[in-house]
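K.L.:
Just need the structure, nothing else, for what follows:
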Amino acid sequence: MLATRIVSQMMENDHFSQWLGIEVQEVKEGYCRLFMVIREDMVNGFGIAHGGISFSLADSALAFASNSRNKKSLVLDASMSFTAPVNNGDQLIAEAVESNVTRSTGIYHITVTNQNGKKVAFFKGIVFRKDEPWFTEAE
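P.N.:
Numbering: from 1, shown residues only. Predicted coordinates:
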């Protein structure tokens with residue numbers, strides 16, 4: 001599947017997502033589901049995961065879902081609402097769903113849940129879709 005091939009190539013060079021310990025659970029055109037576990041070195045002075053960790057997980061899900069259609073895509077705008085604390089040892093899943101896609105833009109909604117199915121954050125991302133493919137038909 002082309003979407004899987006694209007995300008595999010992206011992950012190979014994405015050292016930050018690797019550092020986060022992100023695992024790709026599923027990817028298809030316009031969709032991605034990622035998994036990660038919160039580690040002690042991700043916890044802030046309040047004893048909860050730094051907001052940037054959940055944001056980064058959702059941002060990676062956005063990147064993989066938006067690039068899965070074989071057009072290199074870059075974020076234009078992103079925002080996140082945090083609805084519950086995330087603790088050391090929590091297992092997070094980020095699920096990115098394409099809401100709208102045009103020739104040059106895409107809108108994605110990402111929900112982050114913990115191991116209990118509790119929604120801990122909501123992310124919205126808008127991407128610019130370049131005319132540059134990841135792979136040509138001949139590859």
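K.L.:
for this structure, what are the low-confidence residue spans?
P.N.:
138-139 (pLDDT under 70).
K.L.:
all helices for it, in order.
P.N.:
Assigned by DSSP state H, the chain shows helices spanning 2-13, 15-20, 51-67.
K.L.:
Let me see the backbone angles for Asn114.
P.N.:
phi -100, psi -170 (degrees, to the nearest 10).
K.L.:
which non-adjacent residue is nearest it?
P.N.:
Nearest residue to Asn114, sequence neighbours excluded (Cβ to Cβ, 6 or more residues apart in numbering): Asp90, at 5.0 Å. Where you see a C-beta, it was placed from the backbone N, CA and C, and this is true even at glycine.
K.L.:
Correct me if wrong: the one you found contacts Gln115.
P.N.:
Yes: Asp90 is within contact range of Gln115, at 6.4 Å (criterion: Cβ atoms under 8 Å).
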